[in-house]
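*Asks:* Here's my sequence, what's the structure:
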Amino acid sequence: MATLRISLRAGERIFVNGAVLKVDRKTTLEFLNDVTFLLESHVMQAEQAKTPMRQLYFIVQMMLMDPNSVEAAAGLFAKAHPAMLKTYSNRDIIDGLLEVEELIGRGRSFEALKRVRSMIPLEDNVLGETPVDAGTTVAKFEPPMRLAAGA
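*Replies:* Predicted coordinates for the structure are as follows:
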């Protein structure tokens, strides 16, 4: 069986299968079974969701972080996604949005989150905005991890 070890610094939080864990000292977690998690540095704050793509990211993030609100977040996704498809003419963004829809439909929210994140710089370019500063949490995003037992 494959295991995954995550080292956390004192005060750092991790979101695991809908639970929020905060450690009081440097520690290492070892995942021995199926798990979906986001490190605190992967999480976009609500005030950062200022563009349509960032809002979509935030919606998909909520699907991962709070299993109790998946239905509500899916409803928001169902409203936001078609509107975004009508808004953008950039082929890479449209293709990415179609891929995100397919991933969400298959229950692959963590992969959808990664795909949305990859489109944020494209949206910034289309909107003529400068990309997010390198020091913000969103710029440091790495995809949430899923570890399957026996993988």
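
*Asks:* how about the helix or strand hosting L122 as PDB, C-alpha atoms only?
*Replies:* L122 is part of helix 109-127 when elements are defined by DSSP states H and E. Taking C-alpha atoms only, helix 109-127 is exported to PDB below (Å, rounded to 0.1, in the frame of the first residue of the first chain):
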ATOM      1  CA  SER A 109     -13.400  18.000  -8.400                       C
ATOM      2  CA  PHE A 110      -9.800  18.100  -7.500                       C
ATOM      3  CA  GLU A 111      -8.800  17.700 -11.200                       C
ATOM      4  CA  ALA A 112     -11.300  20.300 -12.200                       C
ATOM      5  CA  LEU A 113      -9.800  22.700  -9.600                       C
ATOM      6  CA  LYS A 114      -6.400  22.200 -11.100                       C
ATOM      7  CA  ARG A 115      -7.700  22.900 -14.600                       C
ATOM      8  CA  VAL A 116      -9.500  26.100 -13.500                       C
ATOM      9  CA  ARG A 117      -6.300  27.200 -11.900                       C
ATOM     10  CA  SER A 118      -4.400  26.700 -15.100                       C
ATOM     11  CA  MET A 119      -6.800  29.100 -16.900                       C
ATOM     12  CA  ILE A 120      -6.500  32.000 -14.500                       C
ATOM     13  CA  PRO A 121      -3.400  33.400 -16.400                       C
ATOM     14  CA  LEU A 122      -5.300  33.100 -19.700                       C
ATOM     15  CA  GLU A 123      -8.200  35.000 -18.200                       C
ATOM     16  CA  ASP A 124      -5.800  37.700 -16.900                       C
ATOM     17  CA  ASN A 125      -4.400  38.000 -20.400                       C
ATOM     18  CA  VAL A 126      -7.900  38.300 -22.000                       C
ATOM     19  CA  LEU A 127      -9.000  40.800 -19.400                       C
END
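
*Asks:* Tell me the gap between that helix and the middle of its chain.
*Replies:* 10 Å (C-alpha atoms, centre = their mean, to the nearest Å).

*Asks:* Show me what that helix is packed against.
*Replies:* Using 3 or more C-beta pairs under 8 Å, 6 or more residues apart in numbering; DSSP states H and E as the contact criterion, the elements in contact with helix 109-127 are helix 52-65, helix 91-105. No exception for glycine: its C-beta is placed from N, CA and C like everyone else's.

*Asks:* Select, out of those, the one closest to S118.
*Replies:* Shortest distance between S118 and these, using C-beta to C-beta, is found for helix 91-105: 6.9 Å.
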